[in-house]
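Engineer: sequence? don't have it. structure:
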């Protein structure tokens with residue numbers, strides 16, 4: 001795995017939820033700016049900046065596909 005997806009196993013292990021759930025949560029908060037979504041994960045879910053940024057970047061890169 002390369003790029004943001006390289007963080008996914010650690011994110012699932014540390015925060016106890018599958019990446020698909022995090023992506024759903026991010027999509028539900030859209031439209032929003034990248035950093036607004038990162039701050040949502042950090043402030044409301046206690047996620048570290050690197051993990052939050054990786055999830056948001058990967059989700060936004062996918063667009064609106066489910």
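Structural biologist: Alright, I've got the coordinates. As the structure is a prediction and not an experimental result, all values here were calculated from the model.
Engineer: just the helices in this protein please.
Structural biologist: In the chain, the segments counted as helices under DSSP state H are 8-15, 19-28, 34-45, 49-62.
Engineer: Next up, the contacts around the residue most central in space within the chain.
Structural biologist: Centroid-nearest residue in the chain, with CA atoms, centre = their mean: residue 55, separated by 2.6 Å. By CB atoms under 8 Å, 6 or more residues apart in numbering, the residues touching residue 55 are 4, 7, 11, 19, 22, 23, 26, 41, 47. C-beta coordinates here come from the backbone N, C-alpha and C atoms, glycine included.
Engineer: do that again at 10 Å, thanks
Structural biologist: Applying CB atoms under 10 Å, 6 or more residues apart in numbering to residue 55 gives the contacts 4-5, 7-8, 11, 15, 19, 22-23, 25-26, 37-38, 41, 47.
Engineer: same deal with residue 49?
Structural biologist: Counting by CB under 10 Å, 6+ apart, residue 49 has contacts 38, 39, 41, 42.
Engineer: For the first one, which non-adjacent residue is closest in space?
Structural biologist: Closest residue to residue 38 apart from its sequence neighbours, by CB to CB, 6 or more residues apart in numbering: residue 52 at 4.6 Å.
Engineer: go on, the third one?
Structural biologist: Here the nearest residue to residue 41 in space, its sequence neighbours aside, is residue 52; by CB to CB, 6+ apart that works out to 3.8 Å.
Engineer: same check, this time on residue 56
Structural biologist: residue 37 (4.5 Å).
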